[in-house]
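Asker: this is the structure alone, sequence omitted:
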């Protein structure tokens, strides 16, 4: 019977197990959003995951919304990531880079005083950490239709740079309230042109990005992350099942490498009782590799695979605090407890100093 420790293949990429390290913002990048030397140690320590997905990496300066997050748009960033991928491959690991544009989840401080961009100029609840501390998110500037091809070009350049940096593939970040989800969901997209209104129009940019990235990597080296029933940063969707079913079917038709669905089953972000979970229903639509994420542990992860609800399970905080998580799960060993105060600061503290077994 298949479980978390069974091998798996995404296209021709052989994974040693079905445990994936989920993408997690760690805010340790150095000047000019270059991956820090510590990042090499951090990812090497966790290379026993079947697959690692990096923290979100901005595809352009326009895509920045957090301090000290790495990018993939400059030669220096590519060189920094190349050191990471070489080290991971020496450890026998597999690693995808997550392509990220935050859209309206940003602040003018990151953009020389210019407003962040979004599908529509709508208020956003929440705060952003800038170099001057926390600041309220202001309503963004709505992208002109003539600017949208430039957004696609940014994803293409990021995808090409990720290939140059030695990654095994890329994941398109279409979740968590960021730009592509802003276009997809009707609560954040009030456009009246070909990128707004109907589901087909709201999904146009996400699918154009997916096709363009596939042109760089081929379909089986590309994943796409979604977050049905997400409410981060004022995101809302009136019919999640219909909208995400449409997107999943279109991505399935592109023969995408995997679909990564974040819809927590436990923890503070768990889907409230009475809300229909979209994840099991999309499993019936997307026939490629299916990855779930959000509140899973060893038991629930094994159950999801054994019941055929998922092919892969992504773990975030458990991998953050336990670099040897597959070994701990397999042996039933106790887990390190995460230090939440160091998630986004502390340099090596809470980053590379969590102990492994023995």
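Answerer: Looks like it arrived, so ask away. Model, not experiment: these values are computed from the prediction.
Asker: please enumerate the helices of the stretch 151-300 of the chain.
Answerer: For the stretch 151-300 of the chain, applying DSSP state H, counting those that start in this stretch gives helices covering 179-184, 199-202, 204-217, 240-253, 279-283, 298-306.
Asker: closest to residue 290 out of those?
Answerer: Ranking the helices of the stretch 151-300 of the chain by proximity to residue 290 (C-beta to C-beta) places helix 279-283 first, at 5.5 Å. Every residue, glycine included, has its C-beta placed from N, CA and C.
Asker: on contacts alone, who are the packing partners of that closest one?
Answerer: On a contact count with 3 or more C-beta pairs under 8 Å, 6 or more residues apart in numbering; DSSP states H and E, helix 279-283 meets helix 240-253, strand 258-262, strand 289-293.
Asker: skipping its backbone neighbours, what lies nearest residue 14 in space?
Answerer: Distances taken as C-beta to C-beta, 6 or more residues apart in numbering place residue 7 nearest to residue 14, at 6.7 Å, with adjacent residues excluded.
Asker: which residues touch that neighbour?
Answerer: Contact analysis of residue 7 by C-beta atoms under 8 Å, 6 or more residues apart in numbering lists 14, 15, 16, 17, 18, 50.
Asker: for the longest strand anywhere in the chain, name the packing helices and strands.
Answerer: Scanning the chain for the longest strand, with DSSP state E as the assignment, gives strand 51-58. Applying 3+ C-beta pairs under 8 Å, 6+ apart, one finds that strand 51-58 contacts strand 19-21, helix 75-90, strand 95-100, helix 148-164.
Asker: could you dump the ones you listed to CSV with mean pLDDT, distance to residue 220 and mean neighbour count?
Answerer: What follows is those, written out as CSV (pLDDT from 0 to 100; distance: least, C-beta to C-beta, whole Å; neighbours: other C-beta atoms under 10 Å):
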stretch, mean pLDDT, distance to residue 220, mean neighbour count
strand 19-21, 98, 16, 27
helix 75-90, 98, 18, 18
strand 95-100, 99, 12, 28
helix 148-164, 98, 14, 20
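Asker: ok so, going back, please work out which of the helices of the stretch 151-300 of the chain is packed deepest.
Answerer: The highest average neighbour count among those, using mean count of other C-beta atoms under 10 Å, belongs to helix 179-184 at a mean of 28.
Asker: which residues sit against that helix?
Answerer: The contact list for helix 179-184, computed with C-beta under 8 Å, 6+ apart, reads 63, 101-104, 117-119, 151, 172-175, 188-189, 195, 202-206, 209, 226-227, 230, 235, 237, 243, 247.
Asker: cool, stretch 127-137 as well?
Answerer: The contact list for stretch 127-137 (C-beta under 8 Å, 6+ apart) reads 27, 65-67, 104-107, 109-110, 124-126, 233, 344.
Asker: in ChimeraX, how would I select the buried members of those residues?
Answerer: To isolate the buried members of those in ChimeraX, using 16 or more other C-beta atoms under 10 Å:
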select :27,65,66,67,104,105,106,107,110,124,233,344
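Asker: what's the closest of the contacts of stretch 127-137 to residue 304?
Answerer: Of the contacts of stretch 127-137, the one sitting nearest to residue 304 (C-beta to C-beta) turns out to be residue 233, at 27.6 Å.
Asker: returning to that earlier point: which of the contacts of stretch 127-137 sits closest to residue 40?
Answerer: residue 27 (16.5 Å).
Asker: state the distance from that closest one to residue 129.
Answerer: Per C-beta to C-beta, to the nearest Å, residue 27 is found 8 Å from residue 129.
Asker: overlap of the contact sets of those two?
Answerer: 66, 67, 344.
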